Structures are given as C-alpha cells and as structure tokens.
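Chemist: Can you look at this prediction? I've put the sequence above it.
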Amino acid sequence: MPDLTDNKTVAQGCAVFVAAGVASHLVYFIRGNHNKFAHLWVTRALKGISLLVCALLFVTRYDILQTLVLTSLFSTSWFTGLYTSIAIYRLWFHPLSKFPGPFWARLSNFYHAYIIRKSDNYLVMQKLHEKYGPIVRTGPSNLSVNDPAAIDIVLSNSSKCVKSPWYERSLPVVNLHTVRDQKTHDARRKMFSMAFSPSALRDYEQRLVKHCNEFSHQMKIRAGKPFDASDWFKFFAFDVMGDIGLGKEFHMMTSETNRWIPELLETSMADVGPTTPLPWIAPILHRLPKAGTKGRQWLEFVGSQVAERVEKQVEKADVLTCLIAAYNKSEKKDVDYQWLRGDTRLTIVGGSDTTAATLTFLFYYLAKDPSQVKKLRAELEPLLNGRTRLDAKDVSKAQHLNGVIQEALRLHPAIPSGFPRVTPDEGITVGDTYIPGDTVVVLPVYAMQRDEDNYQQANEFVPERWYSKPEMIKNRDAFLTWNIGMNGCIGRALAITEMRDLITNFIQNFESVELAPGEDGSRLLNETKDHFTLGVKPLNLVFHAKKQ
Ligand code: HEM
C-alpha cells in the first residue's frame, strides 16, 4: 500500500500505471477503430477514475483529499504511458511514417483540425499538396492522395475500400449517404433511384420551368440594382427542392417567411468543417447543450417536414414519395424513422445547397467576363428558335452551355474536400506506392481539379476545354465533383437540368450580368467555407433586363 509521504513508493505506483498505459496501447488501442465510441470512452474514463477513487479509499487508510491526490497521480501516469506510447509509435514506427507531411500531423488529427479551423480545408489541402507532393500524411493514419489514378482504386464499385468512420458522425440519424455498409447502401439506393429515373425527371421538368420563370420575374424586379446572388440562388434551389423533393412550396423567392431555413442549415453545418479530421468529436458535440443547438434545431426542422409530408396526399410524385412508401411498408421502428428523417435531410441538403453554390460561382464567371454571355446567346438563341426550353435532342448541341456548367463544377466542386475511405487490411497500391491497410484515404477534389498536371491553365475558367480545346484537359479522369459509382451523386441529372434551364432562362430574359459596384468576387473566392458542402459567401451582382 503506497505511503503518500514515501516518494519512492508513490513513484513505483506511478511507474506501474505508466506501464499499464503503455500496455493498454500496445495490446488494445493500437488496433481497430475506437472513434465510433468516443463519447463512451469519455464516460468509461470517468468511471475508471471513480473506481480508482473507491478502490483507494477502500484498501488504504487515506482521507478523501489524499485519495484524490493519489488518484490524480495514477490517472495522469496511465494517460502519460498511453499517450507517450502512441506518440512514439506514430512518429517512428507507424506504417505511414515514410509519407511526407507536416510534423505535427503525424502525432495527432488535432493538428489537421487546427490548421483548418477557419473551415477552409479544401484550400489548406491544395497548399499541402503544393508543398509535399501528390501524397500527404495529414494525420496519424490519414493520407490525402492527389492522384487521379487513385479514383478507381479508392472509390469505384469494385474498390475494397470502405467509407471511413467520418460518415457516422450523425448517428443515430442514418441516410443513404452516411450508411457505411455497402450492401445496405445499395439496396436503399435502388429504392431511392426511382425518384431520379428518366421518367421521374421528365415529370419534374414543368415544375423546374415554373421556378426558373419565378427567378427571372424576381430578377426583373431587381434589374439594374445590386442583389446578393449567393442568397438568391439558395432561394431558387430551395424552392425547387421543396417542390420536387418534398412536394412543398417554400416560396422563398416570393416571401421572406422561410428564408431562415438556408441560414439554419448553414449554421447547423458549421462544426462539420473543422471537426472533419476528428469524427469522434461530433457525437460529443451533438450531446453538449450549447454546441449542439443548431444541429438539433435543424434536425427538428427536418422532423417537422417529415411529419407534415407523411400526413399529406400529394398529387404529383416527389423524391419523398418512394421514401415514405418504404417507411409505410416497414415496421415503423425507430430505425425506420431515422432512415426516413435522414434521407429527408439528405434530400434537402443535397438538393439545394450544392446546386445553389455551383450557380453562384457560375454566375460570378459570367459577370466577370461578358464574352461568356455573348457566346451563350450566340449558341442558345438559334437552338431555341423561339421555344423557351431546349429540346432533349438539342442539349448536346449546346456545347458552350454544357462547357460553362462543367467548368464551374470543375473549379468549384460543391463537396470540395473529398470522400474519406478506409483501405482494406491488405492495403492498396496507387501507381508505385503501396498504402497500408486501415489507412484513411481521401482524394482532394478541389486540389485535383486545379492541378496543372491535370488541366492546362488549371485555375482559369475556360469552358471551351470541354468541347473545342480538348488539349487543355491533360487527364480526363481528374474530375470527381460528383464522386463515382454507386456512391456518386444520385441527383446529378436533375442538378444539371436545373442549371441548364436557369441559364437558358437567363439568356432569354436578360441582356447581361455584371459585378455590382464594389464587388470583386474576392469574398466568394477566398472566404467560402468548407462545411463538407460549401458555405458560400455573398456575391453582389446586377442583372440587366433585355430591352423589349
Ligand atoms: C451541383 C449540384 C450537386 C453536386 C455537385 C453534388 C455532389 C454530390 C456528391 C459529390 C455526392 C457523393 C458524396 C459522398 O460520396 O460522400 C453526392 C451524393 C448525393 N447527392 Fe448530390 N450533388 C448535387 C446535387 C444534388 C441534387 C440536386 C440532389 C437531389 C436531391 C442530390 C442528391 C444526392 C444524394 C441523395 C446523394 C447520396 C448518394 C449516395 O450516397 O448513394 N445531389 N452529391
């Protein structure tokens, strides 16, 4: 029994706890993924410390103060042993120790979280790749691989890599995007894809036209005056998503009543950016009274939309039609509800935020370079030939229109930092480089799509590279804005149609668009946040209506 006045005995006790800390790392923590249970480990640690207090009180003659001092010493010793062992292993013995990257990133994911504290992961990753090359160690078990050759190996349907624990950050809410088990995902996706079949998309077209017309109507009211395009594309995209996704009119373009919704969405996502390298922290944050408020409010909002929609009979099918049918067929257990709520949230976020962000950047380029609108007009007016919408057969002929959209998607992928995956036990090989098993690998979409190795004048907006200047694309594989395969964007065709229709509508109703006085686009380009999707900054534009 240690005597508190006997330094040697106390030191021996501490040494035992240090050794126990080292052993717990080498025997247990060194293997497997403990992120998912981070919140449990916090309570387990507190319980362990309380047990130690009780044990010391019971077996020793110490008073409570002495017991607390000894408990602190022993617990600190255990944690010192554990973390020293972890640090030595990560710095010199870890299978990733040969990969280049910032020194502190080798020790802890906290370093990555620190350098992206301004929610600018995509810009930080681009700089890290410029400094360290195509493969960068961004955390103890994390690699960023800026190599298009890795796309198929890491993300295709035949890949043996699986979604990383990052995808579980929203548990118990689960959805098509976050579910990690590929079989469960694929079965759910099969059902979900009914809402995006070619015939379903044809049914949505007239609804799209209505919202494009409303957008032009609102812009005509504001013609010649500055307006915040980043807000207005959100209002437009939310109205489209409300209608096609939830069978509901949000009327954001015509009324201010619901305009708090996109704002709540953005604030609820704010913690996603900086905590991306620390997925285990999310379940803890979500349980904290203050930190998790916006996230909980957003989930309540989604829950209210689900409750409203379940009760409602809609005349025209929407995305939720197939999700509610699946829910009604289920046993309606809590897990079934979490799926319905999760996929509703996915529909709202996926269907609005991403398209709005892309449109904002796209119109920035149209405003910056008036020749773009001239080229679009020269192409579209003859193709339209008096009609208001492009025929399906004419869509492929609208090469500049398609190029403009593709180029905005390339320069500003709406999910810019990629899709983290864990390598299989046997590892993977990209080119000549072997990447060990159980490594979290991410392909940095933004950095890859702006890499001079993949595109000529990679940072310039050149829509022609997609049709008349193919030499400006050095590597056709280096395009990952939609992800690929079974996990790729299910709403891609809808998003492209939405953007095509809105631009066509703009060309018919407006003469030009310009940056508002005092606007140079720098806020949008340099300060847009990475919350997994983009939190776009304001962009003030002026639309000039066509003279009748
Ligand atoms: C410019 C617009 C859009 C972009 C750039 C985009 C991008 C993406 C990307 C990259 C993913 C894969 C994410 C990952 O693997 O972690 C994704 C998934 C998804 N997107 Fe989109 N998206 C857009 C518009 C839409 C629209 C309009 C919808 C319609 C509701 C939609 C619905 C979805 C859904 C449901 C998923 C999950 C698919 C799955 O996991 O199987 N997206 N999107």
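Modeler: Received, thanks.
Chemist: For stretch 321-338, give me every contacting residue.
Modeler: Residues outside stretch 321-338 that contact it (Cβ atoms under 8 Å, 6 or more residues apart in numbering): 172-174, 191-192, 194-195, 247, 306, 309-310, 314, 339-340, 343-344, 347. All C-beta spots, glycine's among them, are computed from the backbone N, C-alpha and C.
Chemist: Among these, name the ones that also lie close to the ligand.
Modeler: Subset of these in contact with the ligand: residue 347, counting by Cβ under 6 Å from any ligand atom.
Chemist: Can I have the buried ones of the contacts of stretch 321-338 as a PyMOL selection?
Modeler: Burial among the contacts of stretch 321-338 is assessed by 16 or more other Cβ atoms under 10 Å; the matching PyMOL selection reads:
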select buried, resi 173+174+192+194+195+247+306+309+339+340+343+344+347
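Chemist: What are the boundaries of the helices in the stretch 51-200 of the chain?
Modeler: All helices of the stretch 51-200 of the chain, identified by DSSP state H, counting those that start in this stretch, fall at 64-88, 103-107, 109-115, 121-132, 149-155, 182-192, 198-221.
Chemist: Which positions in the first one come out as buried?
Modeler: Taking 16+ other Cβ under 10 Å as the basis for neighbour counts, the residues of helix 64-88 that come out buried are 67, 70-71, 73-75, 77-78, 81-82, 85-86.
Chemist: Show me what that helix is in contact with.
Modeler: By Cβ under 8 Å, 6+ apart, helix 64-88 touches 2, 4, 10, 13-15, 17-26, 29, 48-49, 52-53, 56-57, 60, 62, 107.
Chemist: Among these, name the ones in strands.
Modeler: The members of the contacts of helix 64-88 all map outside strands under DSSP state E.
Chemist: Let's see which of those end up in helices.
Modeler: Cross-referencing the contacts of helix 64-88 against helices under DSSP state H gives 10, 13-15, 17-24, 48-49, 52-53, 56-57, 107.
Chemist: Just the buried residues of those.
Modeler: The neighbour count (16+ other Cβ under 10 Å) marks 10, 13-14, 17-18, 21-22, 52-53, 56-57, 107 as buried among these.
Chemist: These: which two are farthest apart?
Modeler: Across these, no pair lies farther apart than 57 and 107, at 36.3 Å, counting by Cβ to Cβ.
Chemist: Could you tell me which residues of the stretch 51-200 of the chain lie near the ligand?
Modeler: 176-177, 189.
Chemist: Pick out the residue of the stretch 151-300 of the chain closest to the ligand.
Modeler: At 4.1 Å from the ligand, residue 177 is the closest residue in the stretch 151-300 of the chain, using Cβ to the nearest ligand atom.
Chemist: Looks like that residue contacts residue 347 (just checking).
Modeler: No - assessed by Cβ atoms under 8 Å, residue 177 is found out of contact with residue 347, at 10.3 Å.
Chemist: From what I see, residue 269 and residue 535 are in contact.
Modeler: Yes - with contact defined as Cβ under 8 Å, residue 269 reaches residue 535; the gap is 6.9 Å.
Chemist: The lengthiest helix in the chain to helix 182-192, inter-axis angle?
Modeler: Ranked by residue count under DSSP H, the longest helix found in the chain is helix 334-368. Put simply, helix 334-368 runs at 70 degrees to helix 182-192, going by axes from the mean of the first three to the mean of the last three Cα atoms, to 10 degrees.
Chemist: Settle this for me: residue 234 is touching residue 264, isn't it.
Modeler: No - assessed by Cβ under 8 Å, residue 234 is found out of contact with residue 264, at 11.8 Å.
Chemist: can you redo the helices of the stretch 51-200 of the chain as CSV with mean pLDDT?
Modeler: Formatted as CSV, the helices of the stretch 51-200 of the chain follow (pLDDT from 0 to 100):
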stretch, mean pLDDT
helix 64-88, 91
helix 103-107, 96
helix 109-115, 96
helix 121-132, 98
helix 149-155, 98
helix 182-192, 93
helix 198-221, 95
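Chemist: Redo those as a markdown table? Include distance to residue 366.
Modeler: Shown next, in a markdown table, are those (distance: least, Cβ to Cβ, whole Å):
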| stretch | distance to residue 366 |
| --- | --- |
| helix 64-88 | 51 |
| helix 103-107 | 39 |
| helix 109-115 | 34 |
| helix 121-132 | 23 |
| helix 149-155 | 30 |
| helix 182-192 | 33 |
| helix 198-221 | 13 |
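Chemist: Need the phi and psi values for the residue nearest the centre of the chain.
Modeler: Nearest residue to the geometric centre of the chain (Cα atoms, centre = their mean): residue 532, 2.4 Å. The phi/psi pair for residue 532 (degrees, to the nearest 10) reads phi 80, psi -60.
Chemist: Now do the buried residues in stretch 265-284.
Modeler: 265-269, 271-284.
Chemist: So what's the gap between stretch 391-410 and the chain middle?
Modeler: 25 Å (Cα atoms, centre = their mean, to the nearest Å).
Chemist: now it: mean pLDDT?
Modeler: Averaged over stretch 391-410, pLDDT sits at 95.
Chemist: Quote the end-to-end distance of that stretch.
Modeler: Start to finish, the residues bounding stretch 391-410 are 25 Å apart (Cα to Cα, to the nearest Å).
Chemist: Can you point out the buried residues in that stretch?
Modeler: When neighbours are counted by 16+ other Cβ under 10 Å, the buried residues of stretch 391-410 are found to be 398, 400-410.
Chemist: Now tabulate those residues in CSV and tack on secondary structure and distance to residue 390.
Modeler: As requested, those are arranged in CSV below (DSSP: H, G, I helix; E, B strand; the rest coil; distance: Cβ to Cβ, whole Å):
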residue, secondary structure, distance to residue 390
398, coil, 6
400, helix, 13
401, helix, 8
402, helix, 11
403, helix, 15
404, helix, 14
405, helix, 13
406, helix, 16
407, helix, 19
408, helix, 18
409, helix, 19
410, helix, 22
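Chemist: For those, could you give me a markdown table that also reports distance to residue 149?
Modeler: Below are those laid out as a markdown table (distance: Cβ to Cβ, whole Å):
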| residue | distance to residue 149 |
| --- | --- |
| 398 | 32 |
| 400 | 31 |
| 401 | 31 |
| 402 | 26 |
| 403 | 26 |
| 404 | 28 |
| 405 | 26 |
| 406 | 22 |
| 407 | 23 |
| 408 | 25 |
| 409 | 21 |
| 410 | 18 |
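Chemist: and which of these is nearest the ligand?
Modeler: Of all the buried residues of stretch 391-410, residue 409 has the smallest distance to the ligand: 6.2 Å, by Cβ to the nearest ligand atom.
Chemist: coming back round to it: tell me the gap between the longest helix of the chain and the middle of its chain.
Modeler: That offset, for helix 334-368, works out to 10 Å (Cα atoms, centre = their mean).
Chemist: residues contacting the closest residue to the ligand within the stretch 351-500 of the chain?
Modeler: Nearest residue of the stretch 351-500 of the chain to the ligand: residue 491, at 2.1 Å (Cβ to the nearest ligand atom). By Cβ under 8 Å, 6+ apart, the contact set of residue 491 is 196, 350-351.
Chemist: Could you pull up phi and psi at it?
Modeler: phi -100, psi 10.
Chemist: What score does it have for pLDDT?
Modeler: For residue 491, the pLDDT comes out at 96.
Chemist: okay, the lowest-mean-pLDDT helix or strand in the chain in PDB with CA atoms only?
Modeler: When the helices and strands of the chain are compared on mean pLDDT, DSSP states H and E, helix 281-287 comes out lowest with a mean of 77. Extracted in PDB, the C-alpha atoms of helix 281-287 (Å, rounded to 0.1, in the frame of the first residue of the first chain):
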ATOM      1  CA  ILE A 281     -15.800  14.600 -31.500                       C
ATOM      2  CA  ALA A 282     -19.100  15.000 -33.400                       C
ATOM      3  CA  PRO A 283     -21.200  12.700 -31.100                       C
ATOM      4  CA  ILE A 284     -19.800  14.500 -28.100                       C
ATOM      5  CA  LEU A 285     -20.500  18.000 -29.600                       C
ATOM      6  CA  HIS A 286     -24.100  16.900 -30.500                       C
ATOM      7  CA  ARG A 287     -24.700  16.000 -26.900                       C
END
